[in-house]
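> make a model of this:
(one chain, ligands or ions: 1)
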Amino acid sequence: MPASYAYLGPEGTFTEVALRTLPEAAVRELIPYVSVQSALDAVRVGEAEAAFVPIENSVEGGITTTLDELVAGTPLMIYREVLLSITFALLVRPGTKLSDIKTVTAHPAAQPQVRNWLATHLPDAHWESAASNADGARLVQEGRYDAAFAGEFAAARYGLEALETNIHDAENAQTRFVLVGRPARPAAPTGADKTSVVLWQRDDHPGTLRDLLGEFASRGINLMLLQSRPTGAGIGNYCFCIDAEGHISDRRMAEALMGLKRICLQVRFLGSYPRAEVRPGEVRPPFPGTSDAEFVGAADWVARCQDGRF
Ligand SMILES: O=C(O)C(=O)Cc1ccccc1
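Numbering: from 1, shown residues only. Now for the predicted structure:
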């Protein structure tokens, strides 16, 4: 059996399209799962080598089911990310007119991306969430809903037609997807990498979050995502999902993680992996005093002081 990647299915999701842009997907069996949770569980139990799932979109932020799965349970690690520009088509059974549509469906993350369009064109339509956008298309094929927001490419797969295309409330909406596997050594740094961690604060005092963020700031590390998620232990109890620029093998990142390990109740390392899209000028040189050479030089100096050899 070839190594397999699980993904949020069924066939025809944006997730599948994004996954197929990865060269390594061409030499794997790609297996659709009904939910993010079941795809990640397939990895946890060893049924799949890795799982590919949506994690963040530029309209609403984090995909909470994915973040919550990565925060809890058997640890997993992120190895790759892919960014995909998203516009929706309104898929219907052939012959359906806009005025026939009473019910619409799609993945919950699609709703904020088409809300204005819906209010303008189908103000009375009843919305219900589907497990994924392609699953919504499948439910329209079965006659359970009148229309689904999904990728135009999903129409043929489910015998539907696109009544409208290029639907998006926000220009340039993008979704970020990640390839998640069991913990192993992260890939070597590429020079344009990202490190993901989850932090649990030790106690509640003024400035706790500032103290956590200060571990990155004082080492010249830029943050790319900060999303709080409830821990489930009561109102006001949160953990923090953070994406930071750089790789765990960079001295400044390793030192920041050591600082966090000392002051947090718990730190979960979710991986260091190449950034999907880097625009020219986005990878800055290290902030003065934060290069590997400067950290090595400083550690060397302390060692010499301790030896009385300065
Ligand atoms: O991959 C899909 O089709 C999904 O259902 C997840 C999703 C939801 C909204 C935008 C992009 C991906």
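> helix, strand, or coil at A298?
Following DSSP: H, G, I helix; E, B strand; the rest coil, A298 is assigned to helix.
> can you tell me the closest non-neighbouring residue to the residue of the stretch 151-300 of the chain found nearest the ligand?
Here the residue of the stretch 151-300 of the chain nearest the ligand is T175; by Cβ to the nearest ligand atom that distance is 4.0 Å. For the C-beta atoms, the positions are set from N, CA and C on the backbone; glycine is no exception. In space, not counting the residues next to it along the chain, T175 is nearest to N57; the distance is 4.4 Å by Cβ to Cβ, 6 or more residues apart in numbering.
> OK, contacts around that neighbour?
I63, I86, A109, Q113, A173, Q174, T175, R176 (Cβ atoms under 8 Å, 6 or more residues apart in numbering).
> who does the residue nearest to M77 when sequence neighbours are not counted bridge with?
Computed as Cβ to Cβ, 6+ apart, the closest residue to M77 that is not its neighbour in sequence is G271, at 4.2 Å. Bridge pairing for G271 (DSSP bridges) gives the partners S196.
> picking that back up, buried subset of the contacts of N57, written for PyMOL?
A single PyMOL command selects the buried members of the contacts of N57 (16 or more other Cβ atoms under 10 Å):
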select buried, resi 63+86+109+113+173+175+176
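> take the contacts of N57 and write them to a markdown table, including distance to G281.
Output for those, formatted as a markdown table (distance: Cβ to Cβ, whole Å):
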| residue | distance to G281 |
| --- | --- |
| I63 | 29 |
| I86 | 26 |
| A109 | 30 |
| Q113 | 29 |
| A173 | 24 |
| Q174 | 19 |
| T175 | 24 |
| R176 | 21 |
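> okay, and which of the contacts of N57 map to strands?
Residues of the contacts of N57 located in strands (DSSP state E): Q174, T175, R176.
> distance of the closest residue to the first one other than its chain neighbours from I86?
Excluding its sequence neighbours, the residue lying closest to Q174 (Cβ to Cβ, 6+ apart) is S58, at 4.7 Å. As defined by Cβ to Cβ, to the nearest Å, S58 lies at a distance of 9 Å from I86.
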